[in-house]
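Student: Curious how this folds, go ahead:
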Amino acid sequence: MNEKLMNLWIMYHEIHHQHREGYKPAQISRYLVLDIRTVKKYLVMSEEEYLDFLDRQSHRNKVLAPYEDYIKARLEACQDASAAQVHDWLKENFEDFIDVNDKTVFNFVLFVRTKYGIPKPFNHRDFVKIEELPYGKQAQVDFGEYNMTMDEGKRKKIYFFSMVLSRSRYKFVFHQDHHFTTIEVIYAHELAFVFFNGITEVIVYDQDTLLLTSENKGDLILTEAFRKYAESRGFKLHFCRKSDPQSKGKIENVIRYIKYNLLRGRRYINDNILNGQTIDWLHRTANAKVHSTTMKVPYEEWLIEKEYLRPIMGSFKPEKALDDHNVIKDNTITYKGNFYRVPVGTYKPPKTIVRTEVTDDNRLFIYDAENKKIATHSIYSGKGKTIGGSNYMRDVSSRIDQLIDELSGQFTNPDQAKEYFLQIRKDKPRYIRDQLQYIKKLTGIYDMEAMNQAMNLCIEKKIYRATDWESVVKRIVSQRSQETTLSQPIEIKTINQTSHKIIPNKSNITDYEPLMN
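Tutor: Residues are numbered from 1 along each chain as shown. Down below sits the predicted model:
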């Protein structure tokens, strides 16, 4: 009997010994540090039944034996991964993965953890079951953030929006690499409604502003712009009591599910790839597996619930929720008797319009015609004052244009490069200088042949971030180095085919006689 089987037998007999001594299952569970369900299960087994159980357990484990090394590597890299997450990884990375139930995967993951000494931290939390709502009645929304690992080993904080239909548990998630603004919250809602194929009667949000500050660190939902949006779409807003997550427990569970089943252990490349992986995950796992509370598949329930959702009437442009303001020639706007600066160069004759929104914490956000935020100010309570620091008085646009022209000129196709950098400027106007300077630094590290290849690949893959640029050019240089090594001819020394015919010279024995005498 091997050591593992011996330990299992000792555990089995110790459970029965404690029970014969009069201890209850809960007491035995605490004493032996076992799940109470395991204790109860073993107490009703005879020795013969326990032997059969061990034999069946061993046989089931062998089904997943081909994946043992992969599971071991993933658990070592992400020690607190759940068995459900491992199951999803297997389905994601192995197209021919066999169809096994969750319990089989759980048992095999437990086997791998035990075999290789990879324990999992365990925290217990109790949840309260509430009465199910009618189909189409309610959805719940919350925000989260998570630190993901990038290819270079760096950490990247991403922010996500999630909505779940309360009855069917059908879920939607949207990620981005920066804090959400109200405009982006509206955009995320529109994506969710399209994904659900309709709108619920009520949507529940968290009223605890401290939670929003710690989880979202962006704009608060309670803004006039968002209220206008809700009125336009016709859904009712409900805010749960402060510090009372039980009143919207479904979405609280979903946020945790996203963090520890989807994001944990996953590499971040860019927002587009992550959102594509998320849609796959939603179809493959989050909305496809039996829900532990309802014991129903969310997708199958959604097929029923979507008939009760209100239809989406037309498209909603986020700017409809904002207030229009004319920009004055000195690059300011007026708001309640004060002047608020916008960046120099914003005003373009004969007329320039920007849009504003006011947050509950008394800030004024100003957006340009493309809904990009160009200024943020604290609202002044008095009258007649000009608000905004000296940074709004510098004309940086011309210098950015010059930097784009200089950098584009280093590439084989300057026009293509300039168009690419202008797209970065459009996507990330606040960080365009940093982005350009980072790429400029790369031109001093890598040869332009590799940089040109990276440019073409980034355009093809729609990659518009300098840090991703660096990963691409590094990979190109690495692959080229490997190809160079393989392409070098190997010198082969051939055998002289006549060598076997060579007769070595022979010394005359008389030459050695003087030495011997």
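Student: Could you grab the helix/strand/coil label for Tyr464?
Tutor: Look at Tyr464: counting by DSSP: H, G, I helix; E, B strand; the rest coil, its state is coil.
Student: what residues are up against it?
Tutor: Counting by CB atoms under 8 Å, 6 or more residues apart in numbering, Tyr464 touches Tyr420, Gln423, Ile424, Asp427, Lys428, Cys458. (C-beta placed from N, C-alpha, C; glycine too.)
Student: tell me which of those is nearest to Lys329?
Tutor: Lys428 (28.0 Å; CB to CB).
Student: longest single strand anywhere in the protein?
Tutor: The longest strand of the chain (DSSP state E) is strand 138-150.
Student: packing partners for that strand?
Tutor: strand 155-165, helix 182-196, strand 202-206, helix 209-215, helix 249-257, strand 267-268 (3 or more CB pairs under 8 Å, 6 or more residues apart in numbering; DSSP states H and E).
Student: can you put these in TSV and add mean neighbour count and mean pLDDT?
Tutor: As requested, the helices and strands packed on strand 138-150 are exported to TSV (neighbours: other CB atoms under 10 Å; pLDDT from 0 to 100):
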stretch	mean neighbour count	mean pLDDT
strand 155-165	21	93
helix 182-196	21	91
strand 202-206	21	86
helix 209-215	14	34
helix 249-257	19	77
strand 267-268	17	92
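Student: Same list (these) but as JSON lines, adding distance to Lys329.
Tutor: Below are the helices and strands packed on strand 138-150 laid out as JSON lines (distance: least, CB to CB, whole Å):
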{"stretch": "strand 155-165", "distance to Lys329": "37"}
{"stretch": "helix 182-196", "distance to Lys329": "27"}
{"stretch": "strand 202-206", "distance to Lys329": "41"}
{"stretch": "helix 209-215", "distance to Lys329": "38"}
{"stretch": "helix 249-257", "distance to Lys329": "47"}
{"stretch": "strand 267-268", "distance to Lys329": "44"}
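Student: Val86 is nearest to which of these?
Tutor: Relative to Val86, the nearest member of these by CB to CB is helix 249-257, separated by 14.6 Å.
Student: per-residue confidence at the closest residue to Gln85 other than its chain neighbours?
Tutor: Leaving aside its chain neighbours, Gln85 sits nearest to Asn261 (4.7 Å; criterion: CB to CB, 6 or more residues apart in numbering). Per-residue pLDDT puts Asn261 at 92.
Student: Could you list the domains of the protein?
Tutor: As assigned by automatic domain parsing, the chain contains the domains 3-116, 138-308, 322-393, 397-487.
Student: quick one: average pLDDT of the third one?
Tutor: Per-region confidence: domain 322-393 scores 85 on mean pLDDT.
Student: what about the closest residue in space to Arg233 that isn't next to it in sequence, neighbour count?
Tutor: Leaving out its chain neighbours, the residue that sits closest to Arg233 by CB to CB, 6+ apart is Ile199, at 6.1 Å. Residues near Ile199, counting by other CB atoms under 10 Å, number 19.
Student: Tell me which residues touch Leu8, please.
Tutor: Contacts were defined as CB under 8 Å, 6+ apart; by that measure Leu8 touches Leu54.
Student: Let me know the distance separating it from Val44.
Tutor: Using CB to CB, to the nearest Å, Leu8 is found at 17 Å from Val44.
Student: how about Phe339, phi and psi?
Tutor: Backbone torsions of Phe339, given as degrees, to the nearest 10, read phi -110, psi 130.
Student: who's in contact with it?
Tutor: For Phe339, the contact set (CB under 8 Å, 6+ apart) comprises Ile328, Thr332, Ile333, Lys385, Thr386, Ile387.
Student: what pairs with it across the strands?
Tutor: Beta-bridge pairing of Phe339 under DSSP bridges involves Thr334, Thr386.
Student: so the longest strand of the chain versus strand 155-165, what angle?
Tutor: Between strand 138-150 and strand 155-165, the angle comes out at 160 degrees (axes from the mean of the first three to the mean of the last three CA atoms, to 10 degrees).
Student: Can you list the strands that strand 138-150 pairs with?
Tutor: Next to strand 138-150 in the sheet, as set by DSSP bridges, lie strand 155-165 (antiparallel), strand 202-206 (parallel), strand 267-268 (parallel).
Student: Would you reformat the domains of the chain as TSV and include distance to Phe316?
Tutor: Putting the domains of the chain into TSV (distance: least, CB to CB, whole Å) gives the following:
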stretch	distance to Phe316
domain 3-116	34
domain 138-308	6
domain 322-393	12
domain 397-487	22
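Student: Tell me which of the ones you listed is the most buried.
Tutor: Sort the domains of the chain by mean neighbour count, taking mean count of other CB atoms under 10 Å, and domain 138-308 sits at the top with a mean of 18.
Student: how long is that one from one end to the other?
Tutor: With CA to CA, to the nearest Å as the measure, domain 138-308 spans 11 Å from end to end.
Student: quick one, strands of the stretch 251-400 of the chain?
Tutor: Taking DSSP state E, counting those that start in this stretch as the criterion, the stretch 251-400 of the chain contains strands spanning 267-268, 323-326, 332-335, 338-341, 353-358, 363-367, 373-378, 386-387.
Student: Can you check which of these gets nearest to Asp280?
Tutor: Closest of the strands of the stretch 251-400 of the chain to Asp280 is strand 267-268, at 14.9 Å (criterion: CB to CB).
Student: I'd like the distance from the closest one to the chain centre, please.
Tutor: 7 Å (CA atoms, centre = their mean, to the nearest Å).
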